[in-house]
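A.B. asks: Any chance you could fold what I've pasted below:
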Amino acid sequence: MDTPPFDALLGYLGQSEEHNWTQYICEHVAKGVLRRFEAHDWQRLQKMIAAQPAFWQQRCTDALGECMRPEALPLLFSQLHSSDDDSRILAAYHLQWMEVPVGPEVVDVLREILLRIPAAERAEYQEITQLLERALAAG
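C.D. replies: Numbers count the residues shown, from 1 in each chain. I've put the predicted structure just below:
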């Protein structure tokens, strides 16, 4: 019997940072597990993602960005408001990479994300700057 997709997601994301996570697993979760999600799975994930530890949010955000499903977009946008800075950065990266339309509603959060990155390192985060520029232009 196949493992229900939500249970499979939980198994792949793991219970600790020591749990194996690679780019291959990320792509498998994105293109295999998340593609089998139904509406109730997406809703369940939306309700629980913010309460999860940072490593879990980061892995989940990365898989959401790789899955290229419209259902993943609200979760990526919600991850812009995560308490974990790395999850916020990953969400912004994926939204820019996917060329998702953005508007003025994300300007403040993108500015905050950039301000939390040390000035000497901001050049390494061009995707966030580009996403901010697109949001400003849309406003």
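A.B. asks: what sits against residue 77?
C.D. replies: Applying C-beta atoms under 8 Å, 6 or more residues apart in numbering, we find residue 77 in contact with 91, 95, 106. C-beta here means a position set from N, CA and C on the backbone, and glycine is covered the same way.
A.B. asks: who wins for neighbours among those?
C.D. replies: Counting neighbours by other C-beta atoms under 10 Å, residue 91 leads the contacts of residue 77 with 28 neighbours.
A.B. asks: any idea which helix or strand comes after the helix or strand hosting that residue?
C.D. replies: Assigned by DSSP states H and E, residue 91 falls within helix 85-97. Using DSSP H and E, the helix or strand that follows helix 85-97 in sequence is helix 107-116.
A.B. asks: what pLDDT, on average, does that next one get?
C.D. replies: For helix 107-116, the mean pLDDT works out to 97.
A.B. asks: For that helix, output the C-alpha coordinates as PDB.
C.D. replies: In PDB, the C-alpha atoms belonging to helix 107-116 read as follows (Å, rounded to 0.1, in the frame of the first residue of the first chain):
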ATOM      1  CA  VAL A 107       7.600  45.200  -0.400                       C
ATOM      2  CA  ASP A 108       7.900  45.700   3.400                       C
ATOM      3  CA  VAL A 109       8.700  42.100   4.200                       C
ATOM      4  CA  LEU A 110      11.300  41.900   1.400                       C
ATOM      5  CA  ARG A 111      12.900  45.100   2.700                       C
ATOM      6  CA  GLU A 112      13.000  43.600   6.200                       C
ATOM      7  CA  ILE A 113      14.500  40.400   4.900                       C
ATOM      8  CA  LEU A 114      17.300  42.400   3.100                       C
ATOM      9  CA  LEU A 115      17.900  44.500   6.200                       C
ATOM     10  CA  ARG A 116      18.500  41.400   8.300                       C
END
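A.B. asks: which parts of that helix are buried?
C.D. replies: Within helix 107-116, the residues that count as buried by 16 or more other C-beta atoms under 10 Å are 107, 109, 110, 113, 114.
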